[in-house]
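S.K.: Sequence plus the predicted model coming up.
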Amino acid sequence: MIRSILGGLIGRELDRRGRDGGAGGAILGAVAARAVTRMGPLGWALGGAYVAKKAYDRHKAGKAAGRPSRYPPTV
């Protein structure tokens, strides 16, 4: 189940880069998920790091663009 989730996240990130359609990202995500599991713990670490880096970059871009954060600032 974790492989499917990680594959879906990787596929979504790869599809956002291409912007061609959903099928390309789904196929690449399935291939990436299979490759990650065949590589063992190193593959899991690399796949998780890729998804985390993309999420972090998106978060920083949102802050730079002036979009409000999810949580109000503490006083």
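M.R.: Cool, got the structure. Numbering: from 1, shown residues only.
S.K.: Any figure for the gap between the one residue sitting closest to the centre of the chain and residue 38?
M.R.: The residue lying closest to the centre of the chain (Cα atoms, centre = their mean) is residue 51, at 3.3 Å. Going from residue 51 to residue 38 by Cβ to Cβ, to the nearest Å gives 18 Å. No exception for glycine: its C-beta is placed from N, CA and C like everyone else's.
S.K.: With residue 13 instead?
M.R.: The value you get for residue 13 to residue 38, if Cβ to Cβ is used, is 20 Å.
S.K.: If you count surrounding residues, which of the two has more?
M.R.: Between residue 13 and residue 38, counting by other Cβ atoms under 10 Å, residue 13 is the more crowded of the two (19 against 8).
S.K.: quick one: what helix or strand has the more buried one in it?
M.R.: Residue 13 is part of helix 2-18, with elements assigned from DSSP states H and E.
S.K.: so how far is that helix from its chain's centroid?
M.R.: 6 Å (Cα atoms, centre = their mean, to the nearest Å).
S.K.: what does that helix rub up against?
M.R.: Outside of helix 2-18, the residues within contact range by Cβ atoms under 8 Å, 6 or more residues apart in numbering are 21-22, 24-30, 32-34, 36-37, 44, 47-48, 50-51, 54.
S.K.: Where do the helices of the protein begin and end?
M.R.: Ranges of helices within the chain are 2-18, 22-39, 41-64, based on DSSP state H.
S.K.: Worst mean pLDDT among those helices?
M.R.: Lowest mean pLDDT within those: helix 2-18, a mean of 72.
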